[in-house]
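[1] Generate coordinates for the sequence data below:
(one chain, ligands or ions: 1)
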Amino acid sequence: MTEKFFELINKYDSIVVARHKNPDLDAYGSQFGLYYALKERYKEKNIYIVGDTNNLNYFGDFDEVSIETRNKSLVIILDTVAKQMLREVDYRYYKELVLVDHHRNDPDIDHDLYIRDINASSTAEMVAHMLLEKNMTISLESAKALYMGIIGDTGRFRFNSTTARTFYVTSKLMEAGINLQEIHDLIYLETFEDKKIKSIFFESVELTDKNVAYRKNTEDFIKQYHLDTHFVSRALVGQMAGIKEIPIWANFTYDSEEDNIKCELRSRDYEVLKVAKKYGGGGHLRACGCSVNTWEETDMILKDLDLLLEEENNGTR
Ligand SMILES: [Mn+2]
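    Numbers count the residues shown, from 1 in each chain. The predicted structure follows:
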């Protein structure tokens with residue numbers, strides 16, 4: 001796979017590096033990590049980096065690439081294989097297209113090469129591993145981006161997805177000279193205001209019969225504290241993690257832009273992906289999400305999560 005990947009890269013003078021919309025640290029990290037490494041190694045090629053930006057952009061700016069250029073380029077898409085996660089322009093115009101991803105979904109994008117590794121902690125780990133296999137130099141800025149992708153998707157090496165290979169790859173990134181404290185301060189230092197919001201959020205977490213923790217973040221809550229939907233949905237869900245009595249936690253957040261409710265489901269031990277999929281969602285086995293239109297449906301999700309716990313605990317566990 002790695003050989004084929006670099007054969008394709010070798011063939012093109014023009015390469016576009018893309019990833020999913022509303023990027024998380026892994027999407028950015030794998031993208032910038034690969035981009036910097038390719039720029040370093042192939043100085044004669046035109047390498048472009050494209051996409052939208054958000055408040056997690058600790059990385060850099062993006063290029064505007066014409067359709068004419070895209071049509072003669074190799075397009076590399078990272079951290080997703082689903083059209084709905086992408087800007088149309090990024091999967092529509094290309095000469096050849098490569099997908100690199102660690103999710104379980106099946107692609108609905110036409111492609112020439114699909115590099116999939118569901119055992120990789122992150123797409124950043126996949127990219128770093130391929131660069132190492134190819135004996136490519138990983139510059140400091142590339143290593144920094146890849147490291148940020150890995151810690152993003154592993155929760156700083158705490159999740160089950162962390163493997164010996166994750167640490168192997170990370171040790172190589174450290175050899176490139178990254179400064180852990182500098183990176184961690186950049187990403188994880190909180191403001192006083194954020195900390196207060198977290199406390200308000202946590203105070204009203206509720207529990208189901210089976211101890212599924214959940215929070216319904218209504219339009220009023222978001223408006224009252226002038227919050228960002230993505231922050232509430234994706235960052236605050238972690239406030240319910242790491243609690244002994246709570247096997248599953250769910251965060252429901254009203255999204256005024258799409259007029260629906262974003263559902264984030266998490267668990268240490270249970271495969272909540274089954275429930276997310278039932279409602280048209282996806283993601284990882286124990287960290288996934290879906291969108292629904294009514295608060296009644298969020299209650300149905302909670303019932304399904306209780307049922308999941310009941311079934312699993314009457315079974316082999
Ligand atoms: Mn990822």
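
[2] Sticking with whichever residue of the stretch 1-150 of the chain sits closest to the ion, tell me its helix or strand.
    Residue nearest to the ion within the stretch 1-150 of the chain (CB to the ion): residue 26, separated by 3.4 Å. All C-beta atoms are positioned from the backbone trio N, CA, C, and that covers glycine. In this assignment (DSSP states H and E), residue 26 forms part of helix 25-41.

[3] Using PDB, list the CA coordinates for that helix.
    What follows is helix 25-41, C-alpha atoms only, in PDB (Å, rounded to 0.1, in the frame of the first residue of the first chain):
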ATOM      1  CA  LEU A  25      -7.000  17.600  15.300                       C
ATOM      2  CA  ASP A  26      -6.400  14.300  13.400                       C
ATOM      3  CA  ALA A  27      -7.800  15.700  10.200                       C
ATOM      4  CA  TYR A  28      -5.600  18.800  10.500                       C
ATOM      5  CA  GLY A  29      -2.600  16.900  11.800                       C
ATOM      6  CA  SER A  30      -2.600  14.200   9.200                       C
ATOM      7  CA  GLN A  31      -3.100  16.800   6.500                       C
ATOM      8  CA  PHE A  32      -0.400  19.200   7.600                       C
ATOM      9  CA  GLY A  33       2.000  16.400   8.500                       C
ATOM     10  CA  LEU A  34       1.700  14.900   5.100                       C
ATOM     11  CA  TYR A  35       1.800  18.300   3.300                       C
ATOM     12  CA  TYR A  36       5.000  19.500   5.000                       C
ATOM     13  CA  ALA A  37       6.700  16.100   4.400                       C
ATOM     14  CA  LEU A  38       5.800  16.100   0.700                       C
ATOM     15  CA  LYS A  39       6.900  19.700   0.300                       C
ATOM     16  CA  GLU A  40      10.200  18.900   1.900                       C
ATOM     17  CA  ARG A  41      10.800  15.800  -0.200                       C
END
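
[4] Check which residues of it are buried.
    The neighbour-count check on helix 25-41 (16 or more other CB atoms under 10 Å) flags 25-39, 41 as buried.

[5] same question, stretch 110-122
    For stretch 110-122, by 16+ other CB under 10 Å, it's 111, 113-117, 120-122.

[6] What of stretch 96-114?
    By neighbour count on 16+ other CB under 10 Å, the buried set for stretch 96-114 is 97-103, 107, 109, 111, 113-114.

[7] would you turn those into CSV with pLDDT and distance to the ion?
    Output for those, formatted as CSV (pLDDT from 0 to 100; distance: CB to the ion, whole Å):
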residue, pLDDT, distance to the ion
97, 98, 19
98, 98, 16
99, 98, 13
100, 98, 10
101, 98, 8
102, 96, 6
103, 92, 7
107, 96, 15
109, 96, 17
111, 97, 18
113, 98, 19
114, 98, 16
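
[8] any idea which of these is the one closest to residue 197?
    Comparing those against residue 197 with CB to CB places residue 103 closest, at 29.7 Å.

[9] any idea how far that closest one is from residue 96?
    Distance from residue 103 to residue 96, counting by CB to CB, to the nearest Å: 22 Å.

[10] Next one, pLDDT for residue 55 please.
    You'll see residue 55 listed with a pLDDT of 88.

[11] Can you report phi and psi for it?
    phi -70, psi 0 (degrees, to the nearest 10).

[12] And for residue 24?
    phi -100, psi -180.

[13] Kindly spell out which helices and strands sit in contact with the least confident helix or strand in the chain by mean pLDDT.
    Here the helix or strand of the chain ranked lowest by mean pLDDT, DSSP states H and E is strand 282-283, holding a mean of 87. Helices and strands touching strand 282-283, by 3 or more CB pairs under 8 Å, 6 or more residues apart in numbering; DSSP states H and E, are helix 273-278, strand 287-292.

[14] The last one - which strands sit beside it in the sheet, and in what orientation?
    So that's strand 287-292. strand 260-267 (antiparallel), strand 282-283 (antiparallel) (DSSP bridges).

[15] Name the residues that touch it?
    For strand 287-292, the surrounding residues in contact (CB atoms under 8 Å, 6 or more residues apart in numbering) are 159, 255, 258, 260-267, 272-273, 276-277, 279-283, 298, 301.

[16] go with 7 Å
    The contact list for strand 287-292 (CB atoms under 7 Å, 6 or more residues apart in numbering) reads 260-266, 272-273, 276, 279-283, 298.

[17] now the first one
    If you take CB under 7 Å, 6+ apart as the criterion, helix 273-278 is touched by 265, 282-285, 288-290, 301, 304-305, 308.

[18] would you turn those residues into TSV with neighbour count and distance to residue 146?
    Below are those laid out as TSV (neighbours: other CB atoms under 10 Å; distance: CB to CB, whole Å):
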residue	neighbour count	distance to residue 146
265	30	28
282	17	24
283	19	21
284	20	19
285	16	24
288	23	24
289	22	25
290	22	29
301	24	35
304	18	37
305	24	34
308	21	35
